[in-house]
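Enquirer: Take a look and give me a structure for this.
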Amino acid sequence: MLTAGEANRLGFADESHLAFASSGGRALYTNNQGDFARLHHLAMDSGRTHAGIILCTWKDMPPEAQAARLLEIVADRTAEEMVNALLFIGRQAR
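Expert: Numbers count the residues shown, from 1 in each chain. Just a heads-up that it's a prediction; the model follows:
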């Protein structure tokens, strides 16, 4: 796991964050649903790929619950299965 701060990428554009994560084979996790869902659809429409996007749909989801759900995703999917995936975690997401 690598945060935007740890990667010295605070303040970068959303497109840049997605490209950076994908270049390292990392899925991107965010609660910025609108922008990253849009970027996913733009990538799919233009034939580009990304390493996966996981969106948190519950802004007040406790960090422990977020971590538990992310660990489930990691256990359930290979890196190849994450390519171009758009996943949601939150109250109703599964």
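Enquirer: Following element in sequence after the helix or strand in which residue 45 is found, please.
Expert: Element membership of residue 45 [criterion: DSSP states H and E] is helix 33-46. Remark: after helix 33-46, the chain's next helix or strand is strand 53-56, criterion DSSP H and E.
Enquirer: Show me what the helix or strand following that following strand is packed up against.
Expert: Counting by DSSP H and E, the next helix or strand C-terminal to strand 53-56 is helix 63-76. Helix 63-76 makes packing contacts with strand 53-56, strand 86-89 when contacts are defined by 3 or more C-beta pairs under 8 Å, 6 or more residues apart in numbering; DSSP states H and E. (Glycine included, C-beta is placed from N, CA and C.)
Enquirer: Make CSV from the ones you listed and add mean neighbour count to it.
Expert: CSV is the format used below for those (neighbours: other C-beta atoms under 10 Å):
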stretch, mean neighbour count
strand 53-56, 22
strand 86-89, 18
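Enquirer: Looking at those, which is nearest to residue 80?
Expert: strand 86-89 (14.6 Å; C-beta to C-beta).
Enquirer: Point me to the residue sitting farthest from the middle of this protein.
Expert: residue 46 (18.9 Å; C-alpha atoms, centre = their mean).
Enquirer: can you list contacts of the helix holding residue 45?
Expert: By C-beta atoms under 8 Å, 6 or more residues apart in numbering, the surrounding residues in contact with helix 33-46 are 14-15, 18, 28, 30, 48-50, 53, 55-57, 84, 86.
Enquirer: Most neighbours out of these, which is it?
Expert: residue 53 (25 neighbours; other C-beta atoms under 10 Å).
Enquirer: remind me which residues of the protein are low pLDDT?
Expert: 92-94 (pLDDT under 70).
Enquirer: ok, now with 50
Expert: By pLDDT under 50, the low-scoring segments of the chain are 93-94.
Enquirer: follow-up on the earlier one: dump the helices and strands packed on helix 63-76 into CSV; add distance to residue 39 as well.
Expert: CSV is the format used below for the helices and strands packed on helix 63-76 (distance: least, C-beta to C-beta, whole Å):
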stretch, distance to residue 39
strand 53-56, 7
strand 86-89, 10
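Enquirer: Out of these, flag the one nearest residue 69.
Expert: strand 86-89 (4.4 Å).
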